[in-house]
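**Student:** Below is the structure, and that's it, no one-letter string:
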Ligand code: NAP
């Protein structure tokens, strides 16, 4: 079995994967994709659930996306996950995107239906919600929330989830501030406009969520300095690199509780599993796979 397959393999999937038992019927598509941890989370889950299918990586370039989606049913796929840069394009390409995907502005989970059509959803926001519950024992609906990087893909999905669950207040922040008014207007179609803000006041925030790429490198500056944080803040950094991110180090410095993006990654995967198989995902098996 190869660790990464290509569109060329997908064109002749049965031949390209003839030696694979159980058959490869799920994949993450991306460009690049070799780094993806999704197989190490999903394959143990499939074994634990007694499902005779395996999960792999497909390196699909943007110009190959439409053909990839067309080929999935005949190749026997149950579904796929989508990562950078495909989420927005898959939203436009699947037959039936759901409301969550439309709000998130992208699809990270495709379900191949029995009739060969494709449904699409986004589990990033739901995964984030479960991660906050697991990490802090808190519900989004009870929190005043600041989303840093709300203009990016993850930030948009997180902001939409916070609003959909009726958080107490929602503050949107983004380096490129002119992305925010249109996002705020969209959110205001289903969330009270008076609870939305584009002006950050950390004294009026309980949960700070970093959805920017700042902190991927260990020597990045923290997006919020330690002297602006206090011990009562909850700090969720969606980044899941090996190091403690600068924002989490700033939280540590003032005694605030912080958690990294591993739980979000885990729970978005678990929700995808639940969409494909209509049964609870074996969370601890998936967590062990991710950490292994
Ligand atoms: P994206 O769509 O490219 O968005 C990047 C965001 O980061 C934008 O808001 C961008 O602001 C901001 N940004 C980038 N560099 C910045 C800088 N130097 N200073 C301030 N803001 C900066 O990327 P994405 O897919 O949303 O991913 C963003 C982060 O979320 C990544 O770190 C990724 O690891 C994390 N993530 C985690 C999970 C998980 O499951 N845990 C899932 C998805 C993503 P502008 O709009 O101004 O460019």
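**Tutor:** Thanks, I have it. The structure presented is a predicted model; accordingly, all values stated were derived computationally and were not measured.

**Student:** List the buried residues for the host helix or strand of residue 101?
**Tutor:** Using DSSP states H and E, residue 101 sits within helix 99-104. If you call a residue buried by 16 or more other C-beta atoms under 10 Å, then helix 99-104 has these buried ones: 100, 101, 102, 103, 104. Any C-beta I mention is one placed from the backbone N, CA and C, and that applies to glycine too.

**Student:** Please name every helix or strand in contact with the lengthiest helix in the chain.
**Tutor:** The longest helix of the chain (DSSP state H) is helix 262-277. In terms of contacts (3 or more C-beta pairs under 8 Å, 6 or more residues apart in numbering; DSSP states H and E), helix 262-277 is packed against helix 38-48, strand 79-82, strand 109-112, helix 124-136, helix 283-291.

**Student:** what about 6 Å?
**Tutor:** Packing partners of helix 262-277 (3 or more C-beta pairs under 6 Å, 6 or more residues apart in numbering; DSSP states H and E): strand 109-112, helix 124-136, helix 283-291.

**Student:** I'd like to know how far the residue nearest in space to the middle of the chain sits from residue 149.
**Tutor:** Nearest to the geometric centre of the chain sits residue 124, at 3.2 Å (C-alpha atoms, centre = their mean). With the distance defined as C-beta to C-beta, to the nearest Å, residue 124 ends up 13 Å from residue 149.

**Student:** circling back to that earlier point, quick one: the helix holding residue 101 to chain centroid distance?
**Tutor:** Per C-alpha atoms, centre = their mean, to the nearest Å, the displacement of helix 99-104 from the mean C-alpha position of its chain is 13 Å.

**Student:** Identify the residues contacting the nearest residue to residue 212 once chain neighbours are set aside.
**Tutor:** Of all residues not flanking residue 212 in the chain, residue 149 sits nearest, at 3.5 Å (C-beta to C-beta, 6 or more residues apart in numbering). With contact taken as C-beta atoms under 6 Å, 6 or more residues apart in numbering, residue 149 is in contact with 155, 211, 212.

**Student:** Look at residue 149 and report its pLDDT.
**Tutor:** Per-residue confidence (pLDDT) for residue 149: 98.

**Student:** ditto for the one 4 residues further on
**Tutor:** At residue 153 the predicted local distance difference test score is 95.

**Student:** okay, now it: neighbour count?
**Tutor:** Residue 153: 19 surrounding residues under other C-beta atoms under 10 Å.

**Student:** swap in residue 137?
**Tutor:** By other C-beta under 10 Å, the residues close to residue 137 number 9.

**Student:** ok, it to the ligand distance?
**Tutor:** 19 Å (C-beta to the nearest ligand atom, to the nearest Å).

**Student:** Spit out the contact partners of that residue.
**Tutor:** Contacts of residue 137 (C-beta under 6 Å, 6+ apart): none.

**Student:** do you know how far residue 246 is from residue 38?
**Tutor:** 26 Å.

**Student:** same deal with residue 283?
**Tutor:** For residue 283, the distance to residue 38 - C-beta to C-beta - is 15 Å.

**Student:** of those two, who's got more company?
**Tutor:** residue 38 (25 against 16).

**Student:** Grab the nearest non-local neighbour of the more buried one.
**Tutor:** Nearest one to residue 38, counting by C-beta to C-beta, 6+ apart, is residue 28 at 4.3 Å.

**Student:** For the helix or strand hosting that neighbour, which outside residues touch it?
**Tutor:** Using DSSP H and E, residue 28 sits in strand 24-30. By C-beta under 6 Å, 6+ apart, the residues outside strand 24-30 that reach it are 17, 36, 38, 53-58, 60, 76-84, 86.

**Student:** near the ligand, from those?
**Tutor:** residue 84 (C-beta under 6 Å from any ligand atom).

**Student:** got the contact list for the closest residue to the ligand within the stretch 151-292 of the chain?
**Tutor:** For the stretch 151-292 of the chain and the ligand, the shortest gap (C-beta to the nearest ligand atom) falls at residue 152, measuring 2.2 Å. Neighbour list for residue 152: residue 211 [criterion: C-beta under 6 Å, 6+ apart].
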